[in-house]
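Chemist: Dropping a prediction and its sequence here:
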Amino acid sequence: MKDKILVRTRFAPSPTGYLHIGGARTALFSWLYARHTHGKFVLRIEDTDTKRSTKEATKQILDAMKWLGLTWDEGPFYQTERMEIYRSYIEKLLDEGKAYWCECTPDILGGKRKKAIKEGRKPKYDGTCRDKGLGPGPGRVVRFATPKTGVTAFDDIIKGRITIDNDELDDLIILRSDGIPTYNLTVVVDDYTMGITHIIRGDDHVNNTPRQVLIYEALGAAPPVFAHVPMILGSDKARLSKRHGATSVMAYKDMGYLPEAVVNYLVRLSWSHGDQEIFSATELIDLFDLKDVGKSAAVFNPEKLLWLNHHYIKQGDIVRLSRLAIPFIKAQGYDTSDIAYIQKVVTDIRERTKTLTDMADFGDFYFKDIDIGAISKDTKDKFLNPDMIPAFKSLTDELDAINTLDRRLCEDAFRRVLESCNIKL
RNA sequence: GGUCCCAUCGUCUAGUGGUUUAGGACAUCGGCCUCUCACGCCGAAAACAGGGGUUCAACUCCCCUUGGGACUACCA
C-alpha cells in the first residue's frame, strides 16, 4: 500500500441557470472520484458574476444534485462571501510586483482589440499600464503580470501534458473596476485555500489552465492535479444546447426519468469499463477511475438514455417505482389513494412503459371510477361503437385495431366503460 | 485569424504492435416466442478520416493533411 494523500475534489457551478447535462456529468465524475478514493467532495458556488447569478439558479442546481444523489461533504461555499480572502491575495500579488493597476478603459481596449483583429494580430492586452506604477483609483482594475517569455505546462490526467508559450497569454484582469475579483483569480484562491487536490472540470477550461498555473506559482502554491473531461455534444457535433432537446437535468426528472438511469447514461459518456453498460451507484464508486476517461467529446444520445430508463423501470423495486409514479399519475387527474392498486398497475405495465410519464398515460385503462367524460374521444368512439361490442365479445381480430395496447388492458377497460354505461355483456 | 485539444460502426465505446475474419451496447432491419402490443431470445447490416513514415509486423508509435471542438471578455 502506497502512501495516500486525501483526495479532495470539487464541483464549482456558476448559478446562472439550471444544472446542465454537461455540468451534471462533470459533477458526477468529480463526485465518483472522491467517493472512489474515500476523499472529500466539495461544492462551491461561483457567483462573482453578480449580474447573472441568481438565488433561484443556486437552488435549482442543488436540487438537481440531490436528485442525482451527488452528495457533497463540504459547502456549498459562496464566492461572494469570500471577498476578503481574494482581496488579501490580490494585495499580496500587488505587493510582490506580480500584479499591477491598470487604467485602460473598456472603450480604448475594445478599439485596440478591433484594430488588432483587423490587422491580423492577436488581440491581447498590450501592457500599456504594466510599468506605470499606478495605484488604486476609480475605474481602475488589477491585472496579473504574466511572464513574457518561457512556457507553461501541466500534466492533465486525461489529456496528458499540455504546453503553451507564455507570450500567447496576456495580462488578465484579476480585479474588476467594481472591486469584484474575476474567475481566474477566485478559482485559484479557492481551490488552493480549500485544499483541492484534483480539479475535475470540463475541457472548455484547458485554455485558461496555464494562466491559473501561473497564478498558483505567483502565490507560491503547488498547482493541483488537473483532469479535463471532454464535452458533451449534440447530434450535429456542436456543443449540447437547447436546440438539441432538453439539457436541464431536472427536465428529465419531469419527463419521468429515473435518476439512476440518468447517472448510468451520463457516466458512460467518455468513460467505460470493458463491455459493461449497466452500473449501480455502488459499482460505479468501486470501478470509476480518471485513468479510464477518454479524451474525445461524446454525442448525447437520448435514445440510449431512454433504453436505460426502461431498463431501470423493468428492474426497479415496485414500491419505490410506484411512489415515484404517483405524482405523474396524479398529474393526469387520477385518484392515487389506493397504493396497493397503483403497485399492481405498475407491475402490470412496467414492461411496456419507458418513462413514468408513459405509466400515467395508461391511466385511462387502469383507474377505477372511470369517468366517461375523461376518456379521450378517440377511445370512447372505439369502445362505444355498437359494432365493436360483438367484436369485443368474441375477442377476435377486430381488437387488432387497437394495436398498441395489451389486449388484457383493452378487455379491462372495455368492461369498465361498458359497466359504467350500464351495458351488459 | 491565432493558440490549445480531439479523431474506431449513425451514436456510446472495447481495443494500448502480432491473440482481430476489429468485440459489446443503443438505434435500424430480419426471424423466433405470442390471441395483439410489449418483454425476451436469435440473427443481419454497420467503423479503424486520408497520406506519408518507424517496424519483420500497425487500429494501435511519429509527422503532415483533412475534419471537428474549445479558448481568444472588467463571463465563469
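Modeler: Thanks, I have the structure now. Residues are numbered from 1 along each chain as shown, chains lettered A, B, ... in the order given.
Chemist: after the helix or strand harbouring A:Gly110, next one along is what?
Modeler: For A:Gly110, the host element (DSSP states H and E) is helix A:106-118. Remark: after helix A:106-118, the chain's next helix or strand is strand A:141-144, criterion DSSP H and E.
Chemist: thinking again about what came up before, pull the helix holding A:Gly110 out as CSV, backbone CA atoms only.
Modeler: C-alpha atoms of helix A:106-118 as CSV (Å, rounded to 0.1, in the frame of the first residue of the first chain):
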residue,chain,number,x,y,z
PRO,A,106,-13.0,49.1,-21.9
ASP,A,107,-13.6,51.5,-24.7
ILE,A,108,-10.0,52.0,-25.7
LEU,A,109,-9.2,48.4,-25.1
GLY,A,110,-12.1,47.4,-27.4
GLY,A,111,-10.8,49.7,-30.0
LYS,A,112,-7.3,48.2,-29.8
ARG,A,113,-8.8,44.8,-30.0
LYS,A,114,-10.7,45.5,-33.1
LYS,A,115,-7.8,47.1,-34.7
ALA,A,116,-5.5,44.1,-33.9
ILE,A,117,-8.0,41.6,-35.3
LYS,A,118,-8.3,43.7,-38.4
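Chemist: Any part of it near RNA strand B?
Modeler: Yes: against RNA strand B, helix A:106-118 shows contacts by Cβ under 7 Å from any atom of the strand at A:Pro106, A:Leu109, A:Arg113, A:Ile117. In short, each C-beta sits where N, CA and C put it, glycine included.
Chemist: cool, stretch A:212-219 as well?
Modeler: No: judged by Cβ under 7 Å from any atom of the strand, stretch A:212-219 makes no contact with RNA strand B; its nearest approach is 9.7 Å.
Chemist: so where do the strands sit in chain A?
Modeler: For chain A, strands defined by DSSP state E occupy the ranges A:8-11, A:40-45, A:74-78, A:99-102, A:141-144, A:151-156, A:160-165, A:173-175, A:198-202, A:225-229, A:232-233, A:298-299.
Chemist: which outside residues touch the third one?
Modeler: Contacts made with strand A:74-78 from outside it, assessed by Cβ atoms under 8 Å, 6 or more residues apart in numbering, are listed as A:Lys40, A:Phe41, A:Val42, A:Leu43, A:Arg44, A:Ile45, A:Asp47, A:Thr58, A:Leu62, A:Asp190, A:Met194.
Chemist: Try it again at 6 Å.
Modeler: A:Val42, A:Leu43, A:Arg44, A:Ile45, A:Asp47 (Cβ atoms under 6 Å, 6 or more residues apart in numbering).
Chemist: can I assume A:Val345 is in contact with A:Phe362?
Modeler: No: applying Cβ atoms under 6 Å as the test, A:Val345 and A:Phe362 come out as separate, 7.3 Å apart.
Chemist: Quick one: the strands of chain A as CSV, columns for distance to RNA strand B too.
Modeler: Formatted as CSV, the entries for the strands of chain A read as follows, by distance: least, Cβ to the nearest atom of the strand, whole Å:
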stretch, distance to RNA strand B
strand A:8-11, 11
strand A:40-45, 9
strand A:74-78, 11
strand A:99-102, 8
strand A:141-144, 5
strand A:151-156, 8
strand A:160-165, 5
strand A:173-175, 4
strand A:198-202, 8
strand A:225-229, 8
strand A:232-233, 7
strand A:298-299, 3
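Chemist: and those, which is most packed in?
Modeler: Of all the strands of chain A, strand A:8-11 carries the top mean neighbour count, a mean of 26, counting by mean count of other Cβ atoms under 10 Å.
Chemist: Which secondary structure elements does that one sit against?
Modeler: With contacts defined as 3 or more Cβ pairs under 6 Å, 6 or more residues apart in numbering; DSSP states H and E, the packing partners of strand A:8-11 are helix A:21-36, strand A:40-45.
Chemist: mean confidence score for that strand?
Modeler: The pLDDT scores in strand A:8-11 average 98.
Chemist: So what touches it?
Modeler: Taking Cβ under 6 Å, 6+ apart as the rule, strand A:8-11 contacts A:27, A:30, A:33-34, A:39-44, A:195-198, A:200.
Chemist: and which of the residues you listed is nearest A:Arg352?
Modeler: Of all those, A:Arg352 sits closest to A:Ala27, with 33.1 Å by Cβ to Cβ.
Chemist: Enumerate every residue touching that closest one.
Modeler: Taking Cβ under 6 Å, 6+ apart, we find A:Ala27 in contact with A:Phe11, A:Leu70.
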